[in-house]
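Asker: just need the structure, nothing else, for what follows:
(2 chains)
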Amino acid sequence: MGPLWLLALIAGLSFFGFVLGRWKSVVLSGKGRGSLAARPGYYGAYVLIWTAMPALLILVALSVAKPFLIEQTVRTNLPEQVLANAAQLSLEVSGVQQVAAGLKLVTPEELEDIRIGVVAARSTFARHGLPLGQDVKPYQLVAAAALNLVSDGLDTAVDAAVVAALGFGLIFAFVRVKPRLRARNLVENTVLALLIAASSVAILTTVGIVLSLLFQALQFFSMVSPANFYLGTVWDPRFAAAGSSESGQFGFLPLFWGTLYISFFAMVVAVPIGLFSAVYMAEYATSKVRSIAKPLIEILAGIPTIVYGFFALTTVGPMIRDYIALPLGLGTSGNNVLTAGLVMGIMIIPYVSSLSDDIITAVPRSLRDGSLALGATRSETMRQVILPAALPGVVGAVLLAVSRAIGETMIVVLAAGVAARASLNPFEEMTTITVKIVNQLTGDLEFTSPQTLVAFALGITLFVITLGLNVLALTIVRKYREQYE
Amino acid sequence: MTEATSSLSASRIGGSETRSISKLDIGLKRRYAAERRFRTYGLVAVTIAICFLVALFGSIVAKGYTAFQQTRISMIVNFDANIIAPDGDRSPAAIMAGNAFRFDDLIAASLQSTLELDPNDEDALYDGLDLLSKGSAPMLRTMIAKDPSLIGTKRNVDFYATGDVDSFVKGSIRADIPESQRLVKDRHIAIIQKLEKEGALRLAFNTGLFTNGASTRPELAGVGVALVGSLYMMLVVLVLSLPLGVAGSIYLEEFAPKNRWTDLIEVNINNLAAVPSIVYGLLGLAVFINFAHLPRSASLVGGLVLTLTTLPTIIIATRAALKAVPPSIREAGLGVGASKMQTVFHHVLPLAMPGVLTGTIIGLAHALGETAPLLMIGMKAFIVEYPTTPFDPATALPTQIYMWATEPERAFTERTSAAIIVLLAFLLAMNSLAIILRRAFERRW
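Answerer: Purely as a prediction, here's the structure:
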């Protein structure tokens, strides 16, 4: 049975268990339900939990373990000289898996022919619609046959274990249903455990991000030293041909410079516009203007970044090239730092403006009233009383915006270019950390070359930078909020 | 403020009324000017932001609205049995097999009769064929295979014009630039004009845009397959992130004790909401594809990654909605003897549901437009066939836009903009739904 059938069986039997448990509790309590320790539905749920949970746990555990067991089987069946070549091992394992898939397709007569060597396995597989890249070697056939045996055995074992767990759980729980059984407590504790598990998914995600990035990044750092990576000024990874040991230069600094330079331009656009519109919204706008303009500005935050990227690529980039860069003789490319920065700035305006708006309105009314009562104009109140009081919060908002600019991908992929260079001319092509992550992971799929693994080193660096900025910003904003609460 | 005080004190010391008032006036004038300036800065900032929005939408709509129409050339095709099924076998398999070029002969014949060409003038025939999409012969073939009874009849068939002809008819390739730089030559223009006069060439609604998959020919490319991929992903995201997000927030908001651990989870969720989405893509690549060996470019994997990116948004929204339910509801529930769990699930959660749904829809809308993580897990693929299950290779609307955005042809730029309009229309619909839900069910306590 496939896993979907097993899941369907589990669902069906659990529902059956629910009905059965509820029915038994009702029957046992006779007509007066008062003698039950919980409402009948809880007895049903009790049986349901006992039926479904053990079976699900077994199914998940065995499904997770299966690939490891299969790989182990393949390895034990491979000859010594193949095992000795560690670099090719994962390739060999997937080769054997393909052969195993092929062996399942052929008829018994053909299998016999392949075994005694009358026909080539490759051509037979191809006839059944499974083209192989290479001829099948004899040891692969042996390993594949063993693999098929083990995987069939495992499938049967999973089926049997799940069915046994279902039956056992159902009967066990059904027998235990008695009027005095405190079914509700048991059910509620299980639900609470599920709630806790759900809330820890957030933690698991973070742990997953850190571990998966770190693991691959460490592999990269075993090939390229961290000093060369973080202090290198040349980015030239070379083309990653499969199996080639040639490695280029992975200098992080030009990418970092490009990232910072583009983010700088984004901030030059976003901070004044965002801050001034927040001030206007909070202080001057009539409620009618506010109710129209504020959602309009916030639409900017809801537009997917790919749309901004396309806008930069087809509209802003050519415009800056034709009207500014070419006449001044500063650059010839539509992909440049200024385009990416400008468009990214537009995207970030609402982040700055809505956070600053919240923060400005959070400044206590008394400060504002006091200043106005002393005869200060509204702009004086804003500049000399409210903004200084709101400054930490505004700084936090800007830091959050910077972190968003650094991590932004699609705009820079489409508009900033791919040339890694550190220059001051904003009309030149430059590239960012995120662009290189995308570039290095497109095409080549082998996770053994530094050309691919560098993406994970870049990824964890990006993660650490943005995490640091976020923690800092959120701490500042939180401190600020507490100050006025 | 300082000027005001100083001029006031000056008036007191000086004692002269008129002098102090005039001095006060001068100060006020300056200060009011500053006030007006400040106010104008604010107004200008708001205006600039809104202008950006208008420019963004304007440029995309201006580039894309033409893509909803497409140039068709309708000709009468003689479904000649001798050409289609020379051996007399009219089964769909036999029609799909064999030499595909025989369908070109059908098109050539109908083109010759439509344009009233001399059958021996091969150059004119090839000029005419240049106008038709290279996908015309396969289109004819599938058409006949689907309905073999066409064989032997004469039928009017709508053919697609090539992307360049389409751009010319819509006016984006102009006739007044020198012929050598123009993709549509003078001899083609003559044929186009002739066809237009006969009524054979016209603009029709572009249904292919919504039903076709990826294609290297712009006239045959559409977002249909990508839409299905996005739909599958949204289903996965909804099925996973709604229960997970709601369950997690219920624990954090209603049950969790206030301690270091829950504090850590809280900080963690806020940070996850701000982690760059490309990092989630790397996580998906390393965990779901490299470690768990799930199929590459499957919408299932895309859905899983997007679930992780959406989860923090949904948790934050759900917690806010739960927090908004007044404590008196909980106290009343507990007071009449309900357990904590019963109070939460029977009373608090239903009351918070509108807020939860609004947050979920906004989270889904964000996930729909997310591109970078999908590039990481290989959803940037050339997919022609509709995926039938979430395990099949698929592509998504934003990645389709990304792939088209880098194509140089004018017809692709137009289609990219049209795809963006489709994407934005979906986002608009989802956000409107969220607003309507909030308006209809929101309760003020």
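Asker: separation between residue B:316 and chain A?
Answerer: Distance of residue B:316 to chain A, given as CB to the nearest CB, to the nearest Å: 11 Å. Where you see a C-beta, it was placed from the backbone N, CA and C, and this is true even at glycine.
Asker: that residue sits in which helix or strand?
Answerer: helix B:299-324 (DSSP states H and E).
Asker: now whatever helix or strand comes next after that helix, how far from the centre of its chain.
Answerer: The element immediately downstream of helix B:299-324 (helix or strand, assigned by DSSP H and E) is helix B:327-335. Distance of helix B:327-335 from its chain centroid, counting by CA atoms, centre = their mean, to the nearest Å, is 45 Å.
Asker: what's the next helix-or-strand element following helix B:327-335 packed up against?
Answerer: Counting by DSSP H and E, the next helix or strand C-terminal to helix B:327-335 is helix B:340-343. Under the contact criterion of 3 or more CB pairs under 8 Å, 6 or more residues apart in numbering or on different chains; DSSP states H and E, helix B:340-343 touches helix A:183-199, helix B:327-335.
Asker: just checking, what packs against the helix holding residue B:316?
Answerer: Partner elements for helix B:299-324 (3+ CB pairs under 8 Å, 6+ apart): helix A:201-221, helix B:224-250, helix B:260-272, helix B:277-284, helix B:349-369, helix B:372-376.
Asker: kindly calculate the angle that the longest one makes with helix A:183-199.
Answerer: So that's helix B:224-250. Interaxial angle of helix B:224-250 relative to helix A:183-199 (axes from the mean of the first three to the mean of the last three CA atoms, to 10 degrees): 120 degrees.
Asker: close to chain A: what parts of the stretch 301-445 of chain B are there?
Answerer: With CB under 8 Å from any CB of the partner chain as the criterion, the stretch 301-445 of chain B meets chain A at residues B:308, B:311-312, B:315, B:339, B:341, B:365-366, B:368-372, B:375-376, B:380, B:398, B:401-402, B:405-406, B:413, B:416-417, B:420, B:423-424, B:427, B:431.
Asker: residue B:141 touches residue B:95, doesn't it?
Answerer: Yes. Counting by CB atoms under 8 Å, residue B:141 touches residue B:95, with 6.4 Å between them.
Asker: would you mind splitting chain A into its domains for me?
Answerer: A:3-86+A:142-199, A:249-483 (automatic domain parsing).
Asker: how about low-confidence regions in chain B?
Answerer: B:1-26, B:98, B:445 (pLDDT under 70).
Asker: break down it into its strands, ranges please.
Answerer: Using DSSP state E, the strands of chain B run over residues B:69-78, B:154-160, B:201-205.
Asker: quick check: end-to-end length of stretch A:126-144?
Answerer: 17 Å (CA to CA, to the nearest Å).
Asker: list the buried residues for it?
Answerer: For stretch A:126-144, burial by neighbour count (16 or more other CB atoms under 10 Å in any protein chain shown) applies to A:130, A:132, A:136, A:137, A:140, A:141, A:143, A:144.
Asker: so the host helix or strand of the fifth one, near chain B or not?
Answerer: With elements taken from DSSP H and E, the one containing residue A:140 is helix A:138-176. No. With CB under 8 Å from any CB as the criterion, chain B is not reached by helix A:138-176; the gap is at least 13.5 Å.
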